[in-house]
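*Asks:* Mind folding the following:
(2 chains)
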Number of protein chains: 2
Amino acid sequence: MSKPKNDTLLRALLRQPTEYTPVWLMRQAGRYLPEYNQTRARAGSFLDLCRNPDLATEVTLQPLARFSLDAAILFSDILTVPDAMGLGLYFAEGEGPRFERPLRHEWEVRGLTPPDPDVHLRYVLDAVAQIRKALANEVPLIGFSGSPFTLACYMVEGGGSDDFRELKTMLYRRPELLHHILDVNARAVTAYLNAQIEAGAQAVMIFDTWGGTLSSAAYREFSLRYLEQVIAGLKREHGGSRVPSIVFTKGGGLWLEAIAGIGCDAVGLDWTIDIGAARKCVGEKVALQGNLDPAVLFSTPDVIRAETAKILAAYGQGAGHVFNLGHGISQFTPPDHALALVDAVHVLSKPYH
Amino acid sequence: MSKPKNDTLLRALLRQPTEYTPVWLMRQAGRYLPEYNQTRARAGSFLDLCRNPDLATEVTLQPLARFSLDAAILFSDILTVPDAMGLGLYFAEGEGPRFERPLRHEWEVRGLTPPDPDVHLRYVLDAVAQIRKALANEVPLIGFSGSPFTLACYMVEGGGSDDFRELKTMLYRRPELLHHILDVNARAVTAYLNAQIEAGAQAVMIFDTWGGTLSSAAYREFSLRYLEQVIAGLKREHGGSRVPSIVFTKGGGLWLEAIAGIGCDAVGLDWTIDIGAARKCVGEKVALQGNLDPAVLFSTPDVIRAETAKILAAYGQGAGHVFNLGHGISQFTPPDHALALVDAVHVLSKPYH
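*Replies:* Residues are numbered from 1 along each chain as shown, chains lettered A, B, ... in the order given. Predicted coordinates:
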């Protein structure tokens, strides 16, 4: 379990000096890559792809063959945990994720238990181990999970939502029921991420996709508190190396100071906040990851370079910045534009280090 | 054009002392009210309802008959202006608004001109005049428009969007084209709101529904700048009375200080920001309007009262607060819960004045 040859990402997440700003892209293995679409067609469905460690390894490595990315991220879905709880994850064609058995009744909520990752999420751990082997220690592998709150959104709604009516009705009418779900989720996510670390993940990220739909007070009570519970339970080291943690609440720019205080090593930023202002807000507490608007990749290589330069300048001198998009890369992105971005980050960031 | 008998809203918007905190609800005339659905069924479509001053007056007054609201708001759509530019607004069943002729080519953009409200938006001005008459000076009437940027989103996309790909592609590839649209929109919105004021609107609100999807820098360049242009061109007085202006950028919590500096009298808040923190941020510059999560209305009268009390306490003592939801009231709201909210605001706010 030695250090990767390129450990720039791990050092940046721990706010240690690096030679340049490392970069990876959320959803970097995805539909904007023709080779991904070919593998996915071979696999059958998206879930078949997630559940087949050979194919999950193949797609995880595809973007690394094209771009000089500083990290790989496990190819999987954020909803594997509630699926392993028995809710029946599926994807209706052209729609987002859905559950066959959402939590509609109190007895269903009371019956929830955290799944044993070694049994129910074996396919993920196998993928982690196999990807690590295939990476041959070139760059680190990031593991991930959905946040307790974001998982609860899908578990209660049964799918995505514009207004999270079911979830918020529970939040305001039966907060103790939602707290029960969140506690089970927090324990499940902790065990899941620790199992990914044991299997070889060298950093972990928690995606709180829907925390930003809450009021300031509700965010603290129903999302942040359980993110903190997960972080507190994570293995800090494995095989003699620190395993940094990243927390990303989309739409969480107003709560950055609070997020930076829960014990994570780095905070992910969406594109709505100025990263210079964000750095002032969090001070020396955490590294920052982000935060180019993914829509910039619809423009031209020149504009991509100019917008990248602005973010690097806004972050400024010194350690603690991991470049990324502020959200997952769009399926409509020309791969050459992702290439222009990765190269621009590497070249333009050197003067800041 | 004398003052309304209940001018609490107008005083609060101008940060003058009031006896209690005034309250109205975004989309207060809407589908959660059975009487609205009856009128709408008689009208035919939503657009038929907007275009018929008799029926628009009828639905504008419906919520005032049920609840002791401190203002009426013109019943109309935010997209009347681009419709008057010839883009062909329509509503597909079960979907949001769409345009028959979105802006797809440069010649279409170059051909845009601000419509003459007296000619092309006569039905809105007639509705304003008729509502004023029907209100008999009991409470003030608020006029409104979509923001230049939000109108541009729909005009370029042709409808709503998850990612505003068309709009953002133009923003990053052809910013000068988007600026042209925004300048036309700003002139059109200014003329439109001034015409509403002439027709009798006693306060005006600009809805920037999609500004919050921009990066911090792009928000300033492509949305805020044109909001400022509109505000600068608005009539400040009519018939001897000040006409306060309210600017609401959904998801704009990070940019509050900048928004408060563009010359508007009040800033609308969505529910993600703590209103006490918002007040500290804007200081004495503007009044604040908001900001209960509309989902609180799915709970119970007791919870509604408790959450209302929290917002009143967070704002604290003194003038300058107009209570509202942080977004439009949901069609799934029980009308009795809106009643509980309005009454709670009136009763619980007295100690703060």
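
*Asks:* And stretch A:97-112, end to end?
*Replies:* 20 Å (CA to CA, to the nearest Å).

*Asks:* For the closest residue to A:Ile73 other than its chain neighbours, list the residues it contacts.
*Replies:* Nearest residue to A:Ile73 in three dimensions, chain neighbours excluded: A:Ile142, at 4.3 Å (CB to CB, 6 or more residues apart in numbering or on different chains). In short, each C-beta sits where N, CA and C put it, glycine included. By CB atoms under 8 Å, 6 or more residues apart in numbering or on different chains, the residues touching A:Ile142 are A:9, A:24, A:71-74, A:201-205, A:246.

*Asks:* In the residues you listed, which residue is surrounded by the most others?
*Replies:* A:Gln202 (29 neighbours; other CB atoms under 10 Å in any protein chain shown).

*Asks:* pretty sure it is in contact with A:Pro140, am I right?
*Replies:* Yes. Using CB atoms under 8 Å, A:Gln202 makes contact with A:Pro140 at a distance of 3.9 Å.

*Asks:* joint contacts of those two?
*Replies:* Contacts common to A:Gln202 and A:Pro140, judged by CB under 8 Å, 6+ apart, are A:4, A:10.

*Asks:* circling back to that earlier point, confirm the residue nearest to A:Ile73 sits in a strand?
*Replies:* Yes. The assignment for A:Ile142 (DSSP: H, G, I helix; E, B strand; the rest coil) places it in a strand.

*Asks:* Let me know the distance separating it from B:Asp274.
*Replies:* Relative to B:Asp274, A:Ile142 is positioned 33 Å away (CB to CB, to the nearest Å).

*Asks:* Need the pLDDT of A:Leu47.
*Replies:* We have a pLDDT of 92 for A:Leu47.

*Asks:* Show the contacting residues for it.
*Replies:* A:77, A:89-91.

*Asks:* Among the residues you listed, filter down to the buried ones and hand me the PyMOL syntax, if you would.
*Replies:* A single PyMOL command selects the buried members of these (16 or more other CB atoms under 10 Å in any protein chain shown):
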select buried, chain A and resi 77+89
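
*Asks:* in which helix or strand would I find A:Ala188?
*Replies:* Using DSSP states H and E, A:Ala188 sits within helix A:175-199.

*Asks:* next one: that helix to chain centre, how far?
*Replies:* 15 Å (CA atoms, centre = their mean, to the nearest Å).

*Asks:* Give the bridge partners for A:Val204, please.
*Replies:* When bridges are called by DSSP bridges, A:Val204 pairs up with A:Gly143, A:Ser245.

*Asks:* Please tell me how far it sits from chain B.
*Replies:* 26 Å (CB to the nearest CB, to the nearest Å).

*Asks:* ok, now A:Arg66?
*Replies:* 22 Å.

*Asks:* repeat for A:His337
*Replies:* With CB to the nearest CB as the criterion, A:His337 and chain B are 11 Å apart.

*Asks:* can you check A:Phe323 too?
*Replies:* Distance from A:Phe323 to chain B, by CB to the nearest CB: 15 Å.

*Asks:* In contact with that residue, which residues are there?
*Replies:* Counted by CB under 8 Å, 6+ apart, A:Phe323 has contacts A:21-23, A:289-290, A:292, A:308, A:311-312, A:345, A:349.

*Asks:* Up against chain B, what does chain A have?
*Replies:* Residues of chain A lying close to chain B (CB under 8 Å from any CB of the partner chain) are A:163-165, A:168-169, A:171-173, A:212-219, A:251, A:253-254, A:271-274, A:277, A:293-296, A:298-300, A:303, A:307, A:310, A:326, A:330, A:332.

*Asks:* Quick one, which of these are buried?
*Replies:* Buried among those by 16+ other CB under 10 Å: A:163-165, A:168-169, A:171-172, A:212-216, A:218-219, A:251, A:253-254, A:271-274, A:293-296, A:298-299, A:303, A:307, A:310, A:326, A:330.

*Asks:* Neighbours of the closest residue to A:Arg225 other than its chain neighbours, how many?
*Replies:* Nearest non-adjacent residue to A:Arg225, counting by CB to CB, 6+ apart: A:Leu182, 7.9 Å away. Using other CB under 10 Å, the number of residues around A:Leu182 comes to 22.

*Asks:* What score does A:Leu182 have for pLDDT?
*Replies:* pLDDT, A:Leu182: 98.

*Asks:* Ok, the one 3 residues further on next?
*Replies:* At A:Asn185 the predicted local distance difference test score is 98.

*Asks:* ok, back up a step: out of the contacts of A:Phe323, which comes closest to chain B?
*Replies:* A:Leu292 (8.3 Å; CB to the nearest CB).

*Asks:* Just grab the bridge partners of that closest one for me.
*Replies:* A:Leu325.

*Asks:* residues in contact with it?
*Replies:* Here A:Leu292 is in contact with A:271, A:307-308, A:311, A:323-326, A:341 (CB under 8 Å, 6+ apart).
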